[in-house]
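J.: quick one: sequence plus predicted model below, questions after.
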Amino acid sequence: MAGFGSALARMDAAIMAVLNDGSACYTDRNGVAYPPLSIIIDFNVEITGPEGMYSTAQVGITFNATDLAEAVRGGMFVYDRRRFVVEDEIANDGHVITVACMEQI
């Protein structure tokens, strides 16, 4: 019988296979390039603050932690000839990570 961890990994892979927007390359702030990975990209991320929900100009990029353990501030995703610089981590449940990025024009 398969364990819970392997079932969760299969579920994460299935979700990414259906919802992904394509493949992106990631380079950390030290210039180390990583292999392409599947990402989900969300424009105009909404953030909850003391005044409630508000839209931002930030872009949310979501990826599986098995593909990339972390994306740190100053790192860069290149997706469809567009560059997104990592500003902050929004969510990390140990399986799926979402970071807030600004598009570099």
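T.: Structure received. Numbers count the residues shown, from 1 in each chain.

J.: got any ranges where the chain has weak pLDDT?
T.: Across the chain, the ranges flagged by pLDDT under 70 are 1-2, 54.

J.: residues in contact with the residue nearest the centre of it?
T.: Central residue of the chain (Cα atoms, centre = their mean): Thr62, 2.6 Å from the mean position. Neighbouring residues of Thr62 by Cβ atoms under 8 Å, 6 or more residues apart in numbering: Ile39, Ile40, Ile41, Asp42, Val96, Ile97, Thr98. C-betas here are computed from N, CA, C, even on glycine.

J.: please redo it, this time with the cut-off set to 6 Å
T.: Ile40, Thr98 (Cβ atoms under 6 Å, 6 or more residues apart in numbering).

J.: how far away is it from Gly3?
T.: 25 Å (Cβ to Cβ, to the nearest Å).

J.: now Gln104
T.: Gln104 is 42 Å from Gly3, by Cβ to Cβ.

J.: repeat that for Glu70.
T.: Relative to Gly3, Glu70 is positioned 25 Å away (Cβ to Cβ).
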